[in-house]
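K.L.:
Sharing a model prediction with you, sequence too.
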Amino acid sequence: MPTKKAAGLNAGDPAPEFEIETDAGTRLRLSDVKGKNVVLYFYPKADTPGCTREACDFRDNLAGLAGKDAVVLGISPDKPSRQASFKRKYELPFTLLSDVDNKVAAAYGVWKEKSMYGKTYMGIERTTFVIGKDGKIARIFPKVKVDGHVQEVLAAL
């Protein structure tokens, strides 16, 4: 069962507004999709094994998500050109967002200190936020395990 908290954000809180560059080079504000359920998923790096599986799972379940009046937005620190390449390669039918300065990740509490092979570094903690039509956070899935995650999101909508 996912917790309802992520670094200061709780279910029921207004989702932090942002304006960010998309894979198409345009700008998107969270408020542009208000009135729909939003699945905002943060992932560490485009075109890596776990991130690819997660993106493809969202792609393969998009009809079910759309049936629940949800839009999917993927967000990582990758540049727009890398996001566009990732999107083309895997035929991802949803918008990818480029948080190159990590400001959105920080606002959502997912820019964290991580460690690998004894070294610490800052990076994205794979997390999904389900944002309701009212712009409030309905559900938070921290420290996402890719396998089965999209089914959890569908069940939460």
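P.N.:
Structure received. Numbering: from 1, shown residues only.
K.L.:
Find the centremost residue of the protein, please.
P.N.:
By C-alpha atoms, centre = their mean, the chain has its centre lying nearest to Tyr41, at 1.4 Å.
K.L.:
could you give me the average pLDDT of whichever strand or helix holds that residue?
P.N.:
Tyr41 is located in strand 37-42, with elements delineated by DSSP states H and E. The average pLDDT within strand 37-42 is 97.
K.L.:
what sits up against that strand?
P.N.:
Contact with strand 37-42 is made by 15, 30, 54, 58, 65, 68-76, 105, 108, 110, 124-133, 138, 144, 153, 157, as judged by C-beta atoms under 8 Å, 6 or more residues apart in numbering. For every residue, glycine as well, the C-beta is placed using N, CA and C.
K.L.:
Now, those that are in strands?
P.N.:
Applying DSSP state E to those, the entries found in strands are 70-76, 124, 127-131, 138.
K.L.:
Model confidence for the residue of the chain most remote from its centre, exactly?
P.N.:
Farthest-out residue of the chain from its mean C-alpha position, per C-alpha atoms, centre = their mean: Gly118, at 27.2 Å. Gly118 is assigned a pLDDT of 86 by the prediction.
K.L.:
Next, give phi and psi for it.
P.N.:
phi 80, psi 0 (degrees, to the nearest 10).
K.L.:
for Glu113, what are its contacts?
P.N.:
Thr120, Tyr121, Met122.
K.L.:
Recalculate using a threshold of 10 Å.
P.N.:
Contacts for Glu113 (C-beta atoms under 10 Å, 6 or more residues apart in numbering) come out as Thr120, Tyr121, Met122, Gly123, Glu125.
K.L.:
Separate out the buried members of the residues you listed.
P.N.:
Gly123, Glu125 (16 or more other C-beta atoms under 10 Å).
K.L.:
In stretch 57-75, which of the residues would be classed as buried?
P.N.:
Asp57, Phe58, Arg59, Asn61, Leu62, Leu65, Ala70, Val71, Val72, Leu73, Gly74, Ile75.
K.L.:
Need those in TSV (columns: distance to Ala84 and pLDDT).
P.N.:
Listed next are the buried residues of stretch 57-75 as TSV, based on distance: C-beta to C-beta, whole Å; pLDDT from 0 to 100:
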residue	distance to Ala84	pLDDT
Asp57	20	96
Phe58	17	96
Arg59	15	97
Asn61	22	95
Leu62	18	94
Leu65	22	95
Ala70	23	96
Val71	18	96
Val72	16	97
Leu73	15	98
Gly74	12	98
Ile75	14	98
